[in-house]
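# Give the three-dimensional model of this entry:
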Amino acid sequence: MGFAVLCLFAKEDKMLTINSPRLRTPNSLQNTQSITSTYEKLASGKRINSAKDDAAGLQISHRLTTQIAVKQQTLRNLQDGISYGQVADAGLSELTDSLQRMRTLALQAANGSNTDIDREALNEEFSQLRDHINSVVANTEIFGKKPLMSKPEQETNLDNVPVLDEVFSNNMTLTKRSGEVSLGLIPAGSTNVKIQIDSFLMNDDINIFSQFGEHLVGQDLSTMQSVIENNLFTPANGYQGTEVYDNSSLFNGGSFNYPATNSQSIKGMNFRYSGNGNPGNNLEEVIIDNVTEPLLLTVIGNGSFNITASWDSLGSLNSSSAESSDGPMMVTSTDQAIGEDGYIIFEDIDASAGSLTIDGITISSEDLAQNAIARIDTALLRIGGFRAEIGAKMNAIESTMRNESNQSSMLSSANQRIEDTDFAKVMAEKISLDIVQQAGVSVAMQAKDISKDGILSLLGQLE
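The predicted structure is shown next:
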């Protein structure tokens, strides 16, 4: 079988064959580029290594890659939230253990078989445990935050008012003049605080206010509301100066009795009051069993009076610590953390002894031990509430983590289908290209070996 080559003749009788390098070069270059692209896909494991491989696919892949990175960061944020909750819960667990031991000691001290010496021995351990609570609160920390130490809701001017023991010695009587002035601050955590006045028939009355303008005990002053708001609710008297007189929780005794027996619980505090809410009583007495928030004492009337103050213990103005948390812990729960809807929030917790109303309690007598038991029971309920809230938040975070993890996996799978190399397909393409390349080289080598005379001879035979 003959072998013929199609020839084209140009000027000067020069012959250009289809096997000429001028024609082979473009095909060879294209084949080489295809092989290079195939090797690149096999080496990188990626189907798309540049925009020319698949422009639309590259755009989709970039978008998916961004979403995957955001999901993974959200998962890390949620894991930080779990860690925060675990640290807070561990601190509260330690407080629970301390409170339960304190209750056991208080119950033991309340037993009539103990002597005063026995109770003092029990009270020593009791006091250490009570102080340990503030230590746990202050030292429970993660990410620079203190989960058990809430940030004050607002700045106060309580520092402008002397604490009760800066005005009185315990059970000391002083002569004062009545008016719209805060006589003293009763700190949170104080116990069995007793205020007595002898007004010499000058219509003077004991009045107890919260720092927010709530009138808790005394004579109804709504008829002189503007005077109270302008003259008493001032920064110098421990207020912000913007408070509005509020008598919605006012305890005015109901009927006069002395010593005080009328009692009422307000905001977790038990008040006993001898007055009846009207002026004219010579002697008055207010007893506060347990103080859960700072209280401001004033005597309003039109004359001089003798006042006596006594207490079992006084809390401190900053019972928890001078430090506080930086506000709620906000954990991003979605990749679109806009507004509170995008967060799981650990609210502020104040687990200090003062906030739990156990600051200053003792078990040195049967009555004090009984009072301590009641306080500790209340504190345990609050701690239980804190732990339940934290547990609910942690469960919500874990549920969100599962959802985010599933979404991240699905997005990764979608991205892999677009971006990753199909090794079987690419290997087949590589083998095909290798065969073509090798065949081309082989034919070129054979064509080169055919002499010019051989070609002319063949042409002659064709004639």
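# all strands for the protein, in order.
For the chain, applying DSSP state E gives strands covering 7-9, 15-17, 172-177, 184-186, 191-198, 205-210, 215-217, 262-266, 269-273, 283-290, 295-300, 304-310, 329-332, 343-346.
# The ones you listed: which one's closest to A55?
Nearest to A55, of all those, is strand 329-332, at 33.5 Å by C-beta to C-beta. Placement of C-beta: from N, CA and C, glycine included.
# Can you name the residues in contact with stretch 369-378?
Stretch 369-378 is contacted from outside by 99, 102-103, 106-107, 109-110, 119, 126, 191-192, 268, 289-290, 356-358, 361-363, using C-beta atoms under 8 Å, 6 or more residues apart in numbering.
# Dump the C-alpha coordinates for that stretch into PDB.
Provided in PDB are the C-alpha atoms of stretch 369-378 (Å, rounded to 0.1, in the frame of the first residue of the first chain):
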ATOM      1  CA  ALA A 369     -29.000  30.800 113.900                       C
ATOM      2  CA  GLN A 370     -32.800  30.500 113.100                       C
ATOM      3  CA  ASN A 371     -32.500  33.800 111.100                       C
ATOM      4  CA  ALA A 372     -29.400  32.400 109.300                       C
ATOM      5  CA  ILE A 373     -31.300  29.300 108.300                       C
ATOM      6  CA  ALA A 374     -34.100  31.300 106.700                       C
ATOM      7  CA  ARG A 375     -31.600  33.500 104.800                       C
ATOM      8  CA  ILE A 376     -29.500  30.600 103.600                       C
ATOM      9  CA  ASP A 377     -32.700  28.800 102.300                       C
ATOM     10  CA  THR A 378     -33.500  32.000 100.300                       C
END
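# what's the offset of that stretch from the middle of its chain?
Distance of stretch 369-378 from the chain centroid (C-alpha atoms, centre = their mean, to the nearest Å) equals 31 Å.
# what residues are up against the residue nearest the centre of the chain?
The C-alpha lying nearest the average C-alpha coordinate of the chain belongs to M329 (C-alpha atoms, centre = their mean; 1.3 Å). Each residue near M329 by C-beta under 8 Å, 6+ apart is listed here: G81, Y84, F143, K145, P147, I345, F346.
# hmm, 7 Å instead?
Y84, K145, P147, F346 (C-beta atoms under 7 Å, 6 or more residues apart in numbering).
# Pull the number of nearby residues for S409.
S409: 12 surrounding residues under other C-beta atoms under 10 Å.
# Do you have the helices of the protein handy? List them.
Counting by DSSP state H, the chain has helices at residues 21-44, 55-109, 116-139, 164-167, 225-227, 366-419, 423-449, 452-462.
# For Q240, find the nearest of those helices.
The nearest among the helices of the chain, by C-beta to C-beta, is helix 225-227 at 16.8 Å.
# tell me how far that closest one is from the chain's mean position?
With C-alpha atoms, centre = their mean, you get 41 Å for helix 225-227.
# which other helices and strands contact it?
Based on contacts counted as 3 or more C-beta pairs under 7 Å, 6 or more residues apart in numbering; DSSP states H and E, there is no element that helix 225-227 packs against.
# Please work out the average pLDDT along it.
Helix 225-227 comes out with an average pLDDT of 89.
# what comes up buried for that helix?
Using 16 or more other C-beta atoms under 10 Å as the test for burial, helix 225-227 gives no buried residues.
# top of the contacts of M329 by neighbour count?
Neighbour counts for the contacts of M329, by other C-beta under 10 Å, peak at P147, which reaches 27 neighbours.
# related to what we said a few turns ago, when you compare pLDDT across the contacts of M329, which one is lowest?
Minimum confidence in the contacts of M329 sits at F346, scoring 78.
# got the contact list for that one?
Y84, G85, P328, M329, I390, K393.
# How about D54?
D54 sits in contact with I48, where contact means C-beta under 7 Å, 6+ apart.
# Give me the pLDDT for V441.
At V441, pLDDT is 65.
# The closest residue to S408 other than its chain neighbours: neighbour count?
In this structure, S408 finds its nearest non-sequential neighbour in K71, 4.0 Å apart by C-beta to C-beta, 6 or more residues apart in numbering. By the measure other C-beta under 10 Å, the count of residues near K71 is 21.
# my guess is K71 meets Q407, correct?
Yes: with contact defined as C-beta atoms under 7 Å, K71 reaches Q407; the gap is 5.8 Å.
# buried ones in stretch 359-370?
Neighbour-count burial for stretch 359-370 [16+ other C-beta under 10 Å]: D359, G360, I361, T362, I363, S364, S365, L368, A369.
# ugh, wrong one, I meant stretch 215-233
Quick answer for stretch 215-233 (16+ other C-beta under 10 Å): H215, L216, V217, G218, Q219, L221, I228, E229, L232, F233.
# Of those, which one scores lowest on pLDDT?
Minimum confidence in the buried residues of stretch 215-233 sits at Q219, scoring 84.
# Walk me through the domains of this protein.
7-45+421-462, 64-147+327-411, 158-310 (automatic domain parsing).
# Mind pulling up the pLDDT for the residue nearest to N270 when sequence neighbours are not counted?
Spatial nearest neighbour of N270, chain neighbours left out: D289 (4.2 Å); criterion: C-beta to C-beta, 6+ apart. Reading off the confidence values, D289 has pLDDT 86.
# Just the C-alpha atoms of stretch 102-111, please, in CSV.
C-alpha atoms of stretch 102-111 as CSV (Å, rounded to 0.1, in the frame of the first residue of the first chain):
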residue,chain,number,x,y,z
MET,A,102,-23.4,26.8,106.4
ARG,A,103,-27.0,25.6,106.8
THR,A,104,-25.9,22.5,108.6
LEU,A,105,-23.8,24.6,111.0
ALA,A,106,-26.7,27.0,111.6
LEU,A,107,-29.1,24.1,112.3
GLN,A,108,-26.6,22.7,114.7
ALA,A,109,-26.2,26.0,116.4
ALA,A,110,-30.0,26.5,116.7
ASN,A,111,-30.2,23.4,118.9
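# could you give me the average pLDDT of that stretch?
94.
# coming back round to it: could you work out the most separated pair of the contacts of M329?
Farthest-apart pair in the contacts of M329 is K145 and F346; separation 9.2 Å (C-beta to C-beta).
# show me the contacts for V291.
Contacts of V291 (C-beta under 7 Å, 6+ apart): I186, P187, A188, G189, S190, V193, M269, G315.
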